[in-house]
Every structure is written in structure tokens, then in C-alpha cells.
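Visitor: sequence first, then the predicted structure, then my questions.
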Amino acid sequence: MKRRASDDRLDMCEHVAAHEQALRVPSSSDQVFKDDCMLCFDSPDTDHGVCVCLHCFRTGCVGDAERAHAGMHATYASHPLAMWVRRRPKPSEPVTRLAVVEKSDEEMYEYERYAMCLACDPVHGRRIVSTSKIDAVIDGIVHATSSAHQTEVQAWEEDIVACEHTLTVPQDELTSPPTLGEGATCAACDLTSNLWMCLQCGYLGCGRAQFGGLAGHGHALAHYEATGHACSVKQGTITPEGTADVYCYACNDARLDPELSVHLQRLGVPVASLSKTEKSMTELQLEQNVQFDFRMVDDDGAAMVPAYGAHRTGMQNLGNSCYMASTLQSVFALPAFQRRFDDVMEHAKVCTKPPHDCLECQVRKLADGLASGRYMTQGIKPAMLKAVLGRGHPEFASMRQQDAEEFLQHLVTSLQRLPGPTDPTRTLSYTLEHRLQCTSCRKVRYSYEHVDAGLGLPVPLHETAPGEYEPVTLQQSLEAYARAETIQYDCPSCQTSVEATKQTRFATLPDVLYIQAQRFQLINWVPQKVNVAYQVPLQDAVDLSAYLGQGMQPDEVALPETDQHAEPAMDADAIAMLTSMGFSHARAQHALLATGSDVEAAVGWLFEHADDASLDVPPTQQPSASPVDTSALEEMGFSAAQARKALRVQGNDIERAVAWLFENPDDVGEEDSVAAPAAHDDAARYGTSETPARYELVSFITHRGPSVHSGHYVAHVRSGHDWIFFNDEKVVHAPSEGSSSAAALSELAYLYCLRRI
């Protein structure tokens with residue numbers, strides 16, 4: 001780092017005497033942010049290094065007059081003293097085994113560190129003479145565990161807990177112990193690996209085939225289905241210490257058996273003489289997630305050409321975070337999102353929250369990191385954004401792989417809660433028209449459903465051979481979605497149960513439409529992907545005009561109104577989880593209303609009511625933000641407009657609405673027409689019904705793996721006639737031909753982003 005001559009005059013700084021006594025060494029309960037700037041992605045690895053505040057342990061950038069976030073923090077917080085740090089990696093050692101090895105930063109990097117005063121020079125900082133107190137604080141920061149390092153160590157650890165079945169394993173009396181180790185085979189076939197032993201009777205059966213080539217015929221599962229013996233242990237993972245992979249078929253998940261060693265000994269298993277000979281499920285997941293066949297070479301074996309410049313920055317994997325990275329690449333390639341979050345400093349200068357706790361700060365940080373091109377060679381690591389987006393969410397707060405479509409819905413819901421003059425998520429919103437007609441009296445009813453983002457389309461399957469299917473086009477999916485269906489219906493006009501037809505079309509279309517190709521089938525309540533090619537035009541426009549509804553026609557007679565027909569307010573994340581499993585939006589709504597928004601209970605309820613055709617008609621209830629609801633908040637001093645918006649963005653939950661209002665005191669709220677779009681008022685609906693409704697594909701997200709909750713996600717984003725391929729931090733030009741081309745991978749995609757032209 002090139003320093004000015006004045007920086008080398010190590011005189012005692014006047015700010016040291018004024019602030020030194022207030023400094024303290026960080027304790028184990030303190031959050032120490034030393035990995036990157038709070039407001040941009042400058043880090044100890046960038047040329048200018050960064051400064052860690054000695055007062056509050058937050059990091060800021062230095063050396064760039066247009067940023068200088070460390071100096072801005074020092075000025076606003078009156079925290080002048082900091083530790084400047086820069087590092088360079090030491091030569092890496094060759095990898096000899098599959099493992100996540102926890103190393104100290106000092107073992108991996110060469111460091112430069114010294115004390116700085118940012119009051120003396122807010123842009124570059126001024127190197128100062130240190131004191132014993134400052135040295136102690138710097139030493140505490142150096143040896144403190146950073147939040148990012150903790151995340152990396154935890155990245156591949158599954159959240160495995162005990163269940164009622166592993167805690168109460170019944171065990172049969174055996175006449176002879178099971179044969180394990182070398183020579184062991186499945187009791188029903190000749191497989192010698194991927195073997196699971198029943199902890200109740202000692203039966204040894206093969207597991208299910210695993211994505212990536214691990215063989216299995218599911219005989220251990222068949223044993224459970226025949227006997228009800230729920231718990232099995234993977235024989236090749238048993239260690240002399242009595243640890244191993246345990247699976248509960250009743251829970252359909254990996255589980256912990258705290259008494260595993262005792263249970264094995266009761267079955268006569270010589271635990272002390274066994275050794276681990278196979279990879280654990282966690283190791284297999286690591287291997288699969290890192291080695292998915294998204295090759296970074298073309299069909300001739302040549303490396304793909306790196307793509308550099310603005311909007312061509314990748315994201316480093318935080319551990320099962322590819323679902324987030326690919327979705328964010330797609331969303332922040334959209335102009336509306338780029339414009340809304342294009343200025344970090346505009347918000348940072350007035351923000352009263354800690355930057356790592358502020359979603360607005362972190363989204364602006366992300367937008368800058370992706371658009372600026374400043375970090376295009378190494379990629380960015382949005383750990384703070386992931387933490388603030390996941391806070392309080394049981395899935396997105398975890399390190400487990402997630403569904404990209406569910407994350408898109410969660411992201412949209414989260415961004416809608418941000419105060420501000422514009423809401424870019426409205427470019428994704430539209431309205432569906434549901435038409436119901438009695439086949440007896442011929443009367444009709446039209447209802448309208450507001451959708452925040454995304455459309456799940458069925459993928460009609462035509463099997464040509466076992467496991468092989470005819471390609472499906474986007475038009476075929478749209479035809480299947482918009483096709484009229486016959487249901488049983490209690491007609492209020494006929495006063496009897498009759499047949500009726502129901503049909504869903506678009507009342508309005510959004511500026512940007514995300515389409516989810518629902519290739520998944522439910523097998524044992526687990527969504528499993530079907531490998532069928534899905535064809536969306538890469539270059540030609542798609543016209544959706546034919547799928548727009550026409551509303552009530554002059555020659556139609558309306559069915560009698562028996563209740564209000566406003567969409568009930570409910571958790572968008574819960575809706576997304578159920579629709580990703582293959583359930584329709586209407587059925588998901590019914591299930592959540594019936595179970596109090598409990599997703600697990602809703603799944604069971606849906607299976608119990610699978611034959612109920614009435615669930616295909618969206619549920620109705622009173623508008624979500626009634627005068628009674630808003631008056632409760634108005635009595636607390638909030639305006640009616642503020643109350644309406646708070647109730648809308650928080651799913652009509654009073655307690656969460658109050659918390660949102662206190663977190664966003666400057667938000668003026670919204671008028672009634674914005675809070676609840678009227679069913680028959682086109683002006684109040686998002687989107688437009690103008691024709692022609694022509695769209696082009698601007699990005700797509702591809703998934704490789706057996707289910708939405710495992711595997712790997714990547715994204716392709718249009719750049720003129722070119723396509724840019726984002727695979728975590730790797731960003732390249734997609735080949736124009738071959739199996740790695742955008743055309744080939746688009747047929748495997750899971751989410752497609754179409755923009756109106």
C-alpha cells in the first residue's frame with residue numbers, strides 16, 4: 001500500500017489521549033466484524049485494506065475519497081481510532097483428503113497491521129504511535145473469531161438432532177450378531193456399500209441411490225415399510241468411538257442417536273474393532289455440492305472465457321448459498337432493482353441502525369458490489385445480507401440448501417417492507433382472474449387474486465421410456481395452466497350441487513414475470529425432480545396476450561354474491577413452500593387457513609383433502625386491513641395510511657405490524673387503493689392488461705440435483721445477444737454451442753425471468 005510521507009511521521013495523535021480510556025478489549029460476546037467493510041465489499045484482501053474500529057469493532061474501507069466508509073463512521077460516531085489491516089495469502093498446501101480443515105487466519109495469510117487515526121485523515125487514515133492500551137485492543141481483535149469464519153466452519157454441518165424414535169429404539173434379542181465390515185452384503189441384493197443396519201433387528205439393507213452415482217436399491221427403506229422398524233445406521237460410517245450416520249425412516253431425515261454405542265453393543269456389533277470406511281452423508285453432500293457437473297469448459301475442453309466489467313461480479317459460496325447467489329444475480333440484473341438501490345451513501349448517511357442489522361444498508365451494499373465491477377476478479381461474499389435476510393426464518397437462517405423460488409418469494413416480501421419512494425418489487429406483481437361458471441344455470445363469478453411475484457407452471461409429462469420424457473414447451477405449460485377444469489360446486493343460484501367449470505387467466509401481466517417450471521413429483525412426501533427438457537425461447541419473443549382474461553361480458557349473468565371475495569392475507573413464504581411441492585396456490589391458501597399457517601400441518605391436511613375439488617377455487621374472506629384493524633394501530637398514534645401498509649407487509653399480524661412501524665418511523669404509509677387493490681378497479685391493480693403482451697427471456701436459474709433442497713444452482717443473465725454464466729464467484733461468457741451453452745442449459749432451468757418488451 002502506497003502511503004503518503006506524512007503518514008510515516010509517527011507522532012502521538014491528540015485523539016489518542018481524548019479517546020483511549022474509552023477503549024476496551026473485545027469479549028467473547030462481542031461481534032467483531034473484521035472481514036469486510038460494513039457498507040461495501042472492500043476487505044483486508046483489497047489493495048487499500050480496511051480499518052477495524054477500536055471502539056465498536058466495525059469495519060470500514062479507506063483510500064477512496066468517494067467511499068471512505070471508515071472515515072464516515074469515525075465522524076458520525078466519534079470513533080476516531082482504528083486498526084488498519086491488509087493481508088496476502090500464503091502459498092497453499094496441496095489438498096490430500098476431503099475435509100473442511102479449520103485453520104487460523106495467521107496460518108493462511110501474511111498480515112500488515114497498525115493503529116490509525118481517522119479523525120486526522122478520514123479518507124486514508126493517519127498512522128499513529130500505538131500505546132499499550134491500543135495494542136491490547138488490537139490483539140483482542142486479531143484473536144477474536146470473526147462472524148464470517150464461524151459461518152465457514154459451520155457451512156457443512158447439518159442440524160442433526162435426536163427424535164422420539166432414536167430415543168426409544170426397541171431392540172430384538174438376536175441369536176447371532178449381524179455381519180458387518182468386509183464381506184457384508186445387502187440381505188436382498190449383492191451390494192456391498194451404502195448398507196444400512198436396522199437398529200431394532202440387525203437387518204442389513206442397501207440405501208437409496210444417491211445423486212452422483214452412489215448405488216442403492218432402497219432395501220433398507222423396504223424393510224422399514226414392511227416392519228415399521230424406523231432407525232438404521234450406515235455400517236461403513238461406524239467409528240470405534242461409537243459414532244455413525246443414523247437415519248430415521250419414520251421422520252425421513254438424518255437423526256442423532258445419543259446411545260448409539262449401547263444400541264450397537266446390544267446387537268453384538270464389535271464397535272471397538274470397526275473403522276470408518278465410507279463417506280458420511282454430510283461428506284457426500286459436500287462433495288456433490290462442490291462437484292456438480294456445471295462444467296466451466298466447453299465441449300472441446302477449452303476453459304470458458306471470463307467475463308469482466310460492470311454487473312459481472314460473482315458471489316462466493318457461503319456454504320449452501322448458491323440458491324441465494326443465483327437468485328440475486330437474476331433479480332439485480334433488472335433495471336428497477338438497480339435504480340432503487342444504486343446509492344450506498346444516500347441511505348447510510350441517515351441510517352440509525354447498525355449496518356449489519358439494516359436490510360436497506362446490506363441490499364445497497366450488494367447492489368454496489370454487483371454493479372460497480374470493483375470486485376469482479378475475486379467476487380463478493382454477502383454474509384451480512386444473508387444473516388439479516390435469514391433472521392427469524394427457520395430455513396433461511398440455517399446453512400441448509402434451500403429452494404431458489406422460495407427464496408425469491410422471501411426476498412420480495414422482505415424488500416416490500418422497506419420504506420422508500422419506490423418499490424421495485426411492484427414490477428413483479430400482477431393479478432389473476434378466476435372464472436367460475438355453473439354448467440346448469442350458466443351464471444358466472446369472477447374473482448381476482450393479487451400475486452406479488454412468480455408463476456408456478458405445471459410441466460405435463462409424457463413418458464417415452466422409463467425415466468425419459470418428451471420435451472415440454474412454455475406454451476404447453478401455459479395451455480395446461482389456463483385450461484378450463486370441471487369441478488363439483490354448490491351453486492347459490494341453483495341451490496344444489498352441480499358441475500361447474502373453473503378457469504384461471506391473467507387479469508393483468510407484470511413488467512417482469514418469473515416462471516417456475518414445476519418438474520417435481522411428490523414421492524413419500526418429498527419433492528423429487530423429474531428430468532424433462534423445458535423449452536423457453538432464448539431469442540424470440542413470447543406473446544402472452546392469449547392468456548389474458550376478458551372479465552365479465554355483456555351477455556353474462558353473475559352468480560349471486562354470498563360473501564366478500566377479497567384475498568385473505570397470509571404468509572408468502574408458507575405459500576411458496578407449499579406451491580414448490582406441487583400444490584396449487586388456491587389449495588395452499590385453503591390449507592394454511594385451515595391449520596393456522598402451520599406449514600407441516602398444512603401438508604398433512606392437503607393429503608387428507610386431496611380429492612376435494614372445491615379447494616381449487618381460491619378461498620375468500622374479508623379484506624385484510626379492515627377499519628377495525630387500522631383503528632387499533634391508529635389508537636397507538638399511527639396514521640391510517642401507516643397502519644394499512646404495516647398490516648399489508650406483515651400479513652395482517654398486529655404485533656409484527658407494530659414492530660415494523662417502530663422500525664420504519666419515516667414511512668408515510670399508503671392510501672387505501674394501494675393497500676388493497678379493488679377486485680373490479682383496473683387502476684388499482686399492479687401490472688397491465690395492454691396488448692400485445694410480448695416478453696423476452698432475460699435470465700434463468702438452473703438447478704442440478706435430486707430435489708430443490710439439495711444440489712447446486714447457477715444463473716444465466718442476458719447481455720445483448722450474449723449470455724453471462726454465473727456459477728458462485730465464477731463469471732464467464734456462456735458458449736454459443738454445445739452441452740454447456742445457454743441454449744442447452746436453459747432446457748434444464750428451474751426459474752425463468754421474462755421481461756416485457
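Guide: Perfect, I can see it now.
Visitor: all strands for the stretch 251-400 of the chain, in order.
Guide: Assigned by DSSP state E, counting those that start in this stretch, the strands in the stretch 251-400 of the chain fall at 253-255.
Visitor: ok, now how distant is the nearest residue to residue 274 once chain neighbours are set aside from residue 200?
Guide: Across the structure, with CB to CB, 6 or more residues apart in numbering as the measure, the residue nearest residue 274 apart from its sequence neighbours is residue 238 (4.7 Å). From N, CA and C alone the C-beta is placed, and that goes for glycine too. Here the criterion is CB to CB, to the nearest Å. By it, residue 238 lies 17 Å from residue 200.
Visitor: on that earlier part again, the residue nearest to residue 274 contacts residue 273, correct?
Guide: No. The pair formed by residue 238 and residue 273 falls short of the contact definition of CB atoms under 8 Å, at 10.1 Å.
Visitor: and residue 238 and residue 200? which has more neighbours close in?
Guide: For residue 238 versus residue 200, the count of surrounding residues by other CB atoms under 10 Å is larger for residue 238: 26 against 21.
Visitor: so what's that one up against?
Guide: 180, 244, 264, 269, 271, 274, 276 (CB atoms under 8 Å, 6 or more residues apart in numbering).
Visitor: again with residue 547
Guide: Applying CB under 8 Å, 6+ apart, the residues contacting residue 547 are 478, 481, 482, 505, 506.
Visitor: same thing but at 6 Å, please
Guide: Counting by CB atoms under 6 Å, 6 or more residues apart in numbering, residue 547 makes contact with 478, 482, 505, 506.
Visitor: can you put those residues in CSV and add distance to residue 750?
Guide: What follows is the contacts of residue 547, written out as CSV (distance: CB to CB, whole Å):
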residue, distance to residue 750
478, 17
482, 21
505, 24
506, 22
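Visitor: show me which of those are buried.
Guide: In terms of neighbour count (16 or more other CB atoms under 10 Å), the buried residues within the contacts of residue 547 are 478, 482, 505, 506.
Visitor: list the ones among those that fall in strands.
Guide: 505, 506 (DSSP state E).
Visitor: of the buried ones among the contacts of residue 547, which is the nearest to residue 125?
Guide: Sorting the buried ones among the contacts of residue 547 by distance to residue 125 puts residue 506 at the head of the list, at 56.0 Å, by CB to CB.
Visitor: where exactly do the helices run in the stretch 51-200 of the chain?
Guide: Taking DSSP state H, counting those that start in this stretch to define them, one finds helices in the stretch 51-200 of the chain at 69-77, 105-108, 132-143, 147-154, 164-167.
Visitor: quick one: which of those helices is nearest residue 575?
Guide: helix 147-154 (29.0 Å).
Visitor: what about that closest one, average pLDDT?
Guide: Helix 147-154 comes out with an average pLDDT of 50.
Visitor: so residue 233 sits in a helix?
Guide: No. Residue 233: not assigned to a helix; according to DSSP: H, G, I helix; E, B strand; the rest coil it is strand.
Visitor: relative to residue 308, how far out is it?
Guide: Distance check for residue 233 against residue 308: by CB to CB, it reads 50 Å.
Visitor: of these two, who's got more company?
Guide: When neighbours are counted by other CB under 10 Å, residue 233 and residue 308 differ, and residue 233 comes out ahead with 24 against 11.
Visitor: what is the least confident helix or strand in this protein?
Guide: Of all helical and strand segments in the chain, the minimum by mean pLDDT, DSSP states H and E falls on helix 672-675, at a mean of 42.
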